[in-house]
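**Student:** Sequence and predicted model, in that order:
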Amino acid sequence: MGDAPTRADVTADDDATATKTTTPAPAHSDTGADASTRTDTATRADAAAQRAGSRDWKALVGRVWPFVAMALAALLWWPAGFSGRADWMHLPLMQSVGGAAPVTGGELFLGGLVAAAVVSALVSSAWPKFGIAAGLTAIAWALSDGDVTFAAGERPVLAALLALGMLLGLGVGARAPRGPVAVATFLALIAGLSPATYSRGLILAVAVALPFWAATADRVAPTIFALVRVVVTWLVAVVLSMGLWAGFGKLEVGAIADPATAAPVVGRGFVDFVRDRGLDVVKAAPQTYTSWFWVAVVLAVVFVVTAAALSRRRTKASRPSVGGARQR
């Protein structure tokens, strides 16, 4: 009887067993909470590091871009306005019997406009853009001055047309909007007005392809409308530029020296060309640039694929922060 366990002994053994069984549970629960907290903290730290890196990169671009834009504007001034029409950094001054060819006035005006518009669209500060456009215009005029023999009074009038085109181009470029579709419309205008035969085809191809940068599966109609707007803008610009060229072509050699007499002749020639041949130009222009439209198709595919890849990358980068927010 002395060896039989008493009720107190049995109760003590049961309490010890229960204690051994239930003791690990709180420790296991604390470990899971700590792991979740550590994961959440690491996720927030990664998201904060990504945001800090993005801010640093944007700040660096903001500091460097004005200088890059000025250098790019200086490099693009002549190709955008005059490439293919004369030697490098020379203006399209064409010789005719007795003086400069009358169409030179139209080419100088349009080339100066387009070149200055590109500079103004790239450079935001007023004085730097004016300095680049005016400085390069003056240099090109000085280099080209001996290319032709001017009739009496032609030189100052042609110089004034070039300067007038430059000033107008600075205004047009300063109002150039941002965004893929708006930039595409601006480029279409530049491609249609430019007398530069080497660059306007490429500019047109980029303009036609650029709306596809913002194209998505749910933006089919806006993309089509944007494409139509770009093509229509280009066709209108082509008609206007060719009409101006035809208007100056109505002048006799040396007649441009008297602007008061020459202006009505140019105006009538412009109106007559747009009225009589404008529709023919609209039909013929796309056929002339068929190869560049194929280049635009290739660029559009590249833009769509690149935009989709960047979108997927941004989505993947944002998932950790979303997951961390859900855990909290």
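**Tutor:** Looks like it came in fine. Residues are numbered from 1 along each chain as shown.
**Student:** Which residue ranges of the protein form strands?
**Tutor:** All strands of the chain, identified by DSSP state E, fall at 95-96, 99-100.
**Student:** Dump those strands to CSV, plus mean neighbour count and distance to V183.
**Tutor:** Backbone N, C-alpha and C define where each C-beta goes, glycine included. Shown next, in CSV, are the strands of the chain (neighbours: other Cβ atoms under 10 Å; distance: least, Cβ to Cβ, whole Å):
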stretch, mean neighbour count, distance to V183
strand 95-96, 15, 38
strand 99-100, 24, 35
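**Student:** would you list these in a markdown table and tack on mean pLDDT?
**Tutor:** Putting those into a markdown table (pLDDT from 0 to 100) gives the following:
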| stretch | mean pLDDT |
| --- | --- |
| strand 95-96 | 86 |
| strand 99-100 | 86 |
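**Student:** would you turn these into a markdown table with distance to P211?
**Tutor:** Formatted as a markdown table, the strands of the chain follow (distance: least, Cβ to Cβ, whole Å):
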| stretch | distance to P211 |
| --- | --- |
| strand 95-96 | 42 |
| strand 99-100 | 40 |
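**Student:** Which among these is found nearest to R275?
**Tutor:** strand 95-96 (27.0 Å; Cβ to Cβ).
**Student:** Give me the sheet partners of the closest one and which way each runs.
**Tutor:** strand 99-100 (antiparallel) (DSSP bridges).
**Student:** ok, back up a step: now for the strands of the chain, which one comes closest to W65?
**Tutor:** Among those, the nearest to W65 by Cβ to Cβ is strand 99-100 (40.2 Å).
**Student:** Contacts for the closest one, please.
**Tutor:** 93-94, 148-151, 154, 158, 253-254, 256 (Cβ atoms under 8 Å, 6 or more residues apart in numbering).
**Student:** If we use 7 Å, what do you get?
**Tutor:** Residues outside strand 99-100 that contact it (Cβ atoms under 7 Å, 6 or more residues apart in numbering): 93-94, 148, 150-151, 154, 158, 253-254.
**Student:** out of those residues, which one sits closest to E107?
**Tutor:** Proximity of the contacts of strand 99-100 to E107 (Cβ to Cβ) peaks at M94, which lies at 8.0 Å.
**Student:** got a list of what the closest one touches?
**Tutor:** M94 neighbours (Cβ under 7 Å, 6+ apart): 100-101, 103-104, 148.
**Student:** which two from those residues end up farthest apart in space?
**Tutor:** By the measure Cβ to Cβ, V103 and V148 form the most distant pair in these, at 12.6 Å.
**Student:** mind checking pLDDT for A300?
**Tutor:** Predicted confidence (pLDDT) for A300: 92.
**Student:** got the residue ranges for the helices in the chain?
**Tutor:** Here the chain has its helices, by DSSP state H, at 7-22, 24-82, 104-122, 126-144, 154-174, 180-193, 200-209, 220-249, 259-288, 290-327.
**Student:** Switch the ones you listed over to TSV; also include distance to W88.
**Tutor:** Listed next are the helices of the chain as TSV, based on distance: least, Cβ to Cβ, whole Å:
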stretch	distance to W88
helix 7-22	89
helix 24-82	7
helix 104-122	13
helix 126-144	9
helix 154-174	17
helix 180-193	20
helix 200-209	17
helix 220-249	22
helix 259-288	25
helix 290-327	23
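**Student:** Appreciated, that's everything.
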